[in-house]
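> my questions concern the predicted model and sequence given below.
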Amino acid sequence: MSKHQVKSEDGWLNIRYDGEDADDGCKNELSLYRQPDHKRLQLLLSNVDFDGQSHDNTFSFDRRDAQQIVTFLEKWLEEN
């Protein structure tokens, strides 16, 4: 796996990073899933531990949450 991969298809956005130096050096994956006709966006964050086991955390957010994230990211992009 290359250091950084981004893929978007079929309602999924997957971002993978191998060797997160700011964390523990293990593989990380962030996935966003948009279910058809569903008012919430699903987020899955995976971290593979040193033994190769994946630990998943999920979160669901609505359009208001998403707008707050967009605003936050736009400010960050403007600063850099």
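The structure has been received and is ready for your questions.

> how about Asp51, phi and psi?
Torsion angles at Asp51 (phi, psi; degrees, to the nearest 10) stand at phi -90, psi 0.

> and the spatially most central residue of the chain, how far from Asp56?
Geometric centre of the chain, nearest residue: Leu30, 2.5 Å, by CA atoms, centre = their mean. Using CB to CB, to the nearest Å, Leu30 is found at 11 Å from Asp56. Any C-beta I mention is one placed from the backbone N, CA and C, and that applies to glycine too.

> spit out the residues that contact the two alike.
By CB atoms under 8 Å, 6 or more residues apart in numbering, Leu30 and Asp56 have these common neighbours: 44-46.

> where does pLDDT dip in this protein?
Applying pLDDT under 70 to the chain picks out residues 1-2, 19-25, 80.

> show me the helices in it, by range?
In the chain, the helices defined using DSSP state H lie at 63-79.

> count of neighbours near Val70?
When neighbours are defined as other CB atoms under 10 Å, Val70 has 10 of them.

> let's have the chain start at 8 instead
Sure, I'll start counting at 8 from here, so that last one is Val77.

> who's the spatially closest residue to Val13 that is not a sequence neighbour bridged to?
Counting by CB to CB, 6 or more residues apart in numbering, Ile22 is the residue found nearest to Val13 once chain neighbours are left out, at 5.2 Å. For Ile22, the beta-bridge partners are Val13, Leu37 (DSSP bridges).

> residues near Ile22, how many?
What Ile22 shows, counting by other CB under 10 Å, is a neighbour count of 14.

> that one touches Lys10, doesn't it?
No - using CB atoms under 8 Å, Ile22 is not in contact with Lys10; the gap is 11.7 Å.

> related to what we said a few turns ago, which ones are touching the residue nearest to the centre of the chain?
Counting by CB under 8 Å, 6+ apart, Leu37 has contacts 21-22, 50-53.

> filter those to the buried ones?
Neighbour counting over these (16 or more other CB atoms under 10 Å) leaves 21, 50, 53 as the buried ones.

> against Gln74, how distant is the closest residue to the last one other than its chain neighbours?
Okay, so that is Ser53. Of all residues not flanking Ser53 in the chain, Glu36 sits nearest, at 4.3 Å (CB to CB, 6+ apart). Distance, Glu36 to Gln74, using CB to CB: 24 Å.
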